[in-house]
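Student: pasting the sequence and the predicted model now:
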Amino acid sequence: MYQLAGEPVEPLGPGSKEKRSAFEALGRVVGLDLVGVRSKVECCRRIADRVGVTWDESCYSAGDTITLMGINRLLNGVERLGSGTGGDARTTTSVSTNDSEARQMGSEDRELERRVAESIADLSRSKDTPTEFNSVATPVDQEAIQFDDGSWRTHLAAVAEWLHLAEDLQVVSESEFDRSLARGLGLDEGWDTGAANPLSERLLPRLADRLDRSLDLRDQFVAALESAVEGNATRASASAAWASAWDEVEDDEEAEGSGPIHAEADTWPIAEFVGYARDNDLNLSPSYQRADVWPTSSSQLLIESILRGIPLPSIIILERVDENRTSYEVVDGKQRLTSILRFTGHHPRAVELVTAKAAEWGAPDLLSTFQEDYPEFKRLWKKNETTRLTAMEERLLHFPFPLRSGEVRPLSGDLANLRGKYYCQIRESKISVLGQPRPVRYVFEQTSNYKLPVITYKQVTSEQIHEVFSLYNKQGKHLNAEEIRNALYHHLALMKALVVTAGDSGSVEIDAPFLKGPWSDLRSTQAVLDAYGFGQAGYKRTKLLSWVSSVLLLEDGSPESRSTANHINALLRRVDENKRDLLRDEAKIGRAMLVLDKGLDAHAAIPPDVWAKHFVNSQLKGKWQELQLVASLIGLSAAFMVHAERLADVVEGRLDVLADASARWKRPSKTQSKEQWKFIAEVVSGLLEVLDAPVNVADQRLREEFGASGLKALVEPWEK
């Protein structure tokens, strides 16, 4: 603006804002005297009128601040006049393209700085903080946060805990501060090379995005605290939810930027789903989908809706093409499809069981009886089985269910004669389908006019699948990070082994038959984790075993800069992408699960009073906190690689030393990734020392058996 007016350039005002004198200078370019005008906004409005550009609320904000959009509009209007393309400006100053670009870049930089400063100031005014915070920041005005003198760093450091960076910011010098901030924001080494201004081009944009996330999660934390006042939560639970939300942010960010996704919207007749289920090409994904199943009453309501012609929500599926086979995985709509397949007698689990019973009972036509005369099948079941086929048992086995009986309004009129009957009993009954009389089987077995909306994702990478799950999660599906991970990698035998061994979902017979050999040992895992306070909800046990596995078996540099989720994903991604990975071998996977189980068995054999109370859990007797259990389980599993079956005897002989060591291990007060990894490394190295199991020996044994080890990479950075 000063350059256009041919006047000396003045420095920016407080908060990196353009001074009023800059707009007065720009006014003089177009023949306006704005010295006596009361505000910058009014100055700019008059310039906009003179040069013929729109001036609205997007051009300014509170505090007499002019936005980047407003500045650019004025400059573009003045330049058009100066180049003779319109208007009657009294001065026709020509501006070179390079000058214009430089001016625009400067405006963009200032807008970015303003955005960062505004967020820092907002965070500084937070009155309530999570329990792990060391202090509450002193409120600061946006105008006091300067970039020309570097004071923004001091103010950012004061609110940095809200950013939940992997490590604390280093405030010894500006360069160290920027490098530590870059690491915390996930920028690669060398972020400050090859750019004219790496601070504004690379660091500040990433910081601005992180600050936006921080404000969103701060607001969620405050909302949770309001629930605490009403008795629905506590400050501790709100703090834990805040830290957990950051873990999911890290997980989401890992999947960003994966390119175009190929998805198609279509409608399929129900018969198409039934056909894919019959041919074993429809994967309802029991190994990663939630274990809960709709109650039969909900399934009945769904079938009634179909019979009445009510449209259903979209089924969302992933199309997988492996060699000569195409299969479909259900992302959303499992319970709807489960209800339909149960009702018609085509659920894959039920068909598999009935086929097995046919051989056992010597009844070759049993499956036909099951699907065509279910009441007769129930009679045969009573004759051949000792277990009663109750409604609960039918639901668990995915067997058919009847429609509701009694005077239920949805089943009235032409549908009244369907009440209380099974599908096999009403197949030929006539109903109205889009105004035409059709038998019920037309809807479920033929290319019917009644169709289900389907969204199919095709030709997608693993990262894109992750992105799809995250997207639906944000739109209300509400899967946690572990459920998304299980969905993304459930096709791997390793993922199935972790889920089944943990006891969170699936069964060894169906989902992980390769574990049948060591199952007599592995079955104790879920019982021990139950006793430690880790239930099935949310796949917490699977996460715990996955975390331990990733530390022991992932060799990919030091984990200190990664979140837990990213480290686990890195192991699974490696196995997914490398067809020669040893953890694709089912025997090796079984052995890996056995190593975890032996470590956990040794852990469970240690008398509870050996562990220092503050180490186990300072709040709940007998229950372990996740971080401490992960750390100690890594150490004991690694020790098993050294001592094998002698581990229990070694542990028993070191109980006194172990008690002294655990008293020194103090859980970090912060949930920062770097602090947690440091704690894990301290516990693991301490345990291995107590148990006379050298790190290098355990590391070498892991490499020899599984092809990789992350043990030394975990411990060595903290030994320097």
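Tutor: Looks like it came in fine.
Student: which residues of the stretch 1-150 of the chain fall in strands?
Tutor: 60-61, 65-66 (DSSP state E, counting those that start in this stretch).
Student: just checking: what are the partner strands of the first one?
Tutor: Counting by DSSP bridges, the strands paired with strand 60-61 are strand 65-66 (antiparallel).
Student: for the strand it pairs with, what is the distance to the chain centroid?
Tutor: On the basis of Cα atoms, centre = their mean, to the nearest Å, strand 65-66 sits 38 Å off its chain's mean C-alpha point.
Student: same question, stretch 677-695
Tutor: 30 Å.
Student: count the residues that sit near residue 149.
Tutor: Residue 149 has 7 neighbours, counted by other Cβ atoms under 10 Å. For the C-beta atoms, the positions are set from N, CA and C on the backbone; glycine is no exception.
Student: for it, list the residues it contacts.
Tutor: The neighbourhood of residue 149, defined by Cβ atoms under 8 Å, 6 or more residues apart in numbering, contains no residues.
Student: weakest of the strands of the stretch 1-150 of the chain in terms of mean pLDDT?
Tutor: Lowest mean pLDDT within these: strand 60-61, at a mean of 82.
Student: what are the contacting residues of that one?
Tutor: Here strand 60-61 makes contact (Cβ under 8 Å, 6+ apart) with 40, 41, 44, 66, 67, 70.
Student: the protein - how does it break down into domains?
Tutor: Domains of the chain are assigned by automatic domain parsing as 2-95, 116-252, 262-458, 490-718.
Student: using TSV, lay out those together with distance to residue 110.
Tutor: Below are the domains of the chain laid out as TSV (distance: least, Cβ to Cβ, whole Å):
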stretch	distance to residue 110
domain 2-95	5
domain 116-252	9
domain 262-458	39
domain 490-718	31
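Student: confidence-wise, which of those is weakest overall?
Tutor: Among the domains of the chain, domain 2-95 scores lowest, with a mean of 78.
Student: off-centre distance for stretch 707-718?
Tutor: Distance of stretch 707-718 from the chain centroid (Cα atoms, centre = their mean) equals 26 Å.
Student: need the winner for burial among the domains of the chain.
Tutor: Stretch with highest mean neighbour count among the domains of the chain: domain 490-718 (a mean of 19; mean count of other Cβ atoms under 10 Å).
Student: first residue to last residue on it, what's the distance there?
Tutor: Start-to-end span of domain 490-718 (Cα to Cα, to the nearest Å) is 34 Å.
Student: could you do stretch 19-35 as well?
Tutor: Separation of the first and last residues of stretch 19-35 by Cα to Cα is 12 Å.
Student: check stretch 579-593 too.
Tutor: In stretch 579-593, first residue to last residue: 20 Å (Cα to Cα).
Student: do the same with stretch 413-420
Tutor: 15 Å.
Student: who's in contact with it?
Tutor: 304, 307-308, 402-406, 408, 411, 426, 429-432, 440.
Student: redo that, cut-off 10 Å
Tutor: Applying Cβ atoms under 10 Å, 6 or more residues apart in numbering, the external contacts of stretch 413-420 come out as 303-304, 307-308, 402-408, 411-412, 425-426, 429-432, 437, 440.
Student: what of stretch 371-391?
Tutor: Contacts for stretch 371-391 (Cβ under 10 Å, 6+ apart): 295-296, 344-346, 350-351, 354, 357, 360-363, 365-370, 393-394, 396-397, 399-402, 421-425, 427.
Student: quick check: residue 549 vs residue 459, distance?
Tutor: Applying Cβ to Cβ, to the nearest Å, the value for residue 549 to residue 459 is 30 Å.
Student: before we move on, the earlier item: and the domains of the chain: which comes nearest residue 482?
Tutor: Among the domains of the chain, the nearest to residue 482 by Cβ to Cβ is domain 490-718 (3.7 Å).
Student: picking that back up, residue 484 is nearest to which of the domains of the chain?
Tutor: domain 116-252 (7.3 Å).
Student: that closest one: how far from the chain's middle?
Tutor: On Cα atoms, centre = their mean, the centre of domain 116-252 falls 20 Å from that of its chain.
Student: residues in contact with the nearest residue to residue 177 once chain neighbours are set aside?
Tutor: Spatial nearest neighbour of residue 177, chain neighbours left out: residue 153 (5.2 Å); criterion: Cβ to Cβ, 6 or more residues apart in numbering. Contact criterion Cβ under 10 Å, 6+ apart gives 145, 147, 160, 169, 171, 173, 174, 177, 178, 181 as the residues in contact with residue 153.
Student: quick one: the helices in the stretch 551-700 of the chain?
Tutor: 564-577, 586-605, 613-616, 626-643, 647-652, 655-664, 673-690, 695-706 (DSSP state H, counting those that start in this stretch).
Student: give me the subset of the contacts of strand 60-61 lying in helices.
Tutor: Using DSSP state H, the members of the contacts of strand 60-61 that fall within helices are 40, 41, 44, 70.
Student: residue 568: which of those is nearest?
Tutor: For the ones in helices among the contacts of strand 60-61, the nearest to residue 568 is residue 70 (46.7 Å; Cβ to Cβ).
Student: surely that closest one is in contact with residue 26?
Tutor: No: taking contacts as Cβ atoms under 10 Å, residue 70 lies outside contact range of residue 26: 11.7 Å.
Student: tell me, what's touching those two both at once?
Tutor: Residues touching both residue 70 and residue 26 by Cβ under 10 Å, 6+ apart: 44, 47.
Student: restrict stretch 49-56 to CA atoms and write it as PDB.
Tutor: Extracted in PDB, the C-alpha atoms of stretch 49-56 (Å, rounded to 0.1, in the frame of the first residue of the first chain):
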ATOM      1  CA  ASP A  49     -16.600   2.500  -3.500                       C
ATOM      2  CA  ARG A  50     -14.000   4.500  -5.400                       C
ATOM      3  CA  VAL A  51     -12.500   1.500  -7.200                       C
ATOM      4  CA  GLY A  52     -15.800  -0.400  -7.600                       C
ATOM      5  CA  VAL A  53     -15.300  -3.500  -5.500                       C
ATOM      6  CA  THR A  54     -17.800  -5.100  -3.100                       C
ATOM      7  CA  TRP A  55     -17.200  -4.300   0.600                       C
ATOM      8  CA  ASP A  56     -19.100  -6.600   3.000                       C
END
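Student: re earlier: so which of the strands of the stretch 1-150 of the chain comes closest to residue 608?
Tutor: Nearest to residue 608, of the strands of the stretch 1-150 of the chain and by Cβ to Cβ, is strand 60-61 at 59.3 Å.
Student: confidence score at the most centrally placed residue in the chain?
Tutor: Nearest residue to the geometric centre of the chain (Cα atoms, centre = their mean): residue 481, 3.8 Å. Here, the pLDDT recorded for residue 481 equals 70.
Student: roughly how far does it sit from residue 246?
Tutor: 11 Å.
Student: need the overlap of contacts for the two.
Tutor: With Cβ under 10 Å, 6+ apart as the test, residue 481 and residue 246 both reach residue 563.
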